[in-house]
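Okay, sequence plus prediction incoming.
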Amino acid sequence: MSATPAEQAPTVVVGALPGASPSITALTAQNAELQAAIRVAQRMLAAYGDSSGFSEFGYAQAHGALAESLRILLRALGADSEKGYASVPTPSGDPQEAPPRCPAAHPEDPTPCGGPVVVTILDAHNAGAHGCEWHGARLLASLDGGRVYALPDAPDGAAIRTFKAAGSLRPYAWVERGEQS
């Protein structure tokens, strides 16, 4: 079967992608913000990439650091949402905005923040995470030798309320109550 050259399929070079987007190297050469975001992401991944030896608090701190570096990277690429958080599907499949959560929120704890970030929770080794009163209390209840401190702009009594709330919670309360996501 012979065909004229006009009827033959176009020749494609193996590995060539028509209309491919520019390479990361080309993008970073033109964008200093993207270069900085990539450096931050690489450093956070190097510091927190292996969480096998982390305590509960270290795990939450690593999660917060990696999430923030991802947000910086997405912002540099222009792929972040206007509200600063992603749209996630609900069980019915409808997209719903997921509000951002404080660094003290455990990744498996599905509850939303109970207000602004107003306290710092420290573990026995002085590793800390800022959090709302709700997640601060849940984190404090799950730590041995943890302490709570109010941030400078926190309302009066924030640390005391967090401490008292932690005293009435069981460690990892969301696991027992079946709240896991």
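Cool, got the structure. Residues are numbered from 1 along each chain as shown.

CA only for contacts and neighbour counts going forward, please
Will do.

which residues of the protein fall in helices?
Using DSSP state H, the helices of the chain run over residues 24-30, 32-48, 56-77, 133-141, 158-167, 173-176.

Select, out of those, the one closest to residue 148.
helix 158-167 (5.9 Å; Cα to Cα).

and stretch 148-160, what's its mean pLDDT?
Per-residue pLDDT over stretch 148-160 has a mean of 92.

measure that stretch end to end?
This stretch, stretch 148-160, spans 8 Å end to end (Cα to Cα, to the nearest Å).

Just the buried residues of it, please?
148-150, 158-159 (16 or more other Cα atoms under 10 Å).

what's in contact with that stretch?
Here stretch 148-160 makes contact (Cα atoms under 8 Å, 6 or more residues apart in numbering) with 118-122, 133, 136, 140, 162-163.

can you pick the most crowded of the residues you listed?
residue 136 (34 neighbours; other Cα atoms under 10 Å).

wait, what's in contact with it?
Contacts of residue 136 by Cα under 8 Å, 6+ apart are 104-105, 119-121, 130, 148, 162.

now it: how far from residue 164?
Taking Cα to Cα, one finds residue 136 at 11 Å from residue 164.

Who are the contact partners of residue 31?
Counted by Cα under 8 Å, 6+ apart, residue 31 has zero contacts.

Please identify which of the buried residues of stretch 148-160 is nearest to residue 77.
residue 150 (35.2 Å).

Report the beta-bridge partners for the closest one.
Counting by DSSP bridges, residue 150 forms beta bridges with residue 119.

what about residue 164, distance to residue 133?
10 Å.

re earlier: which one of the contacts of stretch 148-160 is nearest to residue 47?
Looking across the contacts of stretch 148-160 and measuring by Cα to Cα, the closest to residue 47 is residue 122, at 19.3 Å.

Identify the residue nearest the closest one in space, chain neighbours excluded?
residue 128 (4.3 Å; Cα to Cα, 6 or more residues apart in numbering).

how much space between the one you found and residue 52?
18 Å.

just residue 139 next, same as before
19 Å.

Give me the more crowded residue out of the two.
residue 139 (29 against 8).

if I pick the more buried one, what's in contact with it?
Per Cα under 8 Å, 6+ apart, neighbours of residue 139: 57, 104-106, 121, 166, 171-172.
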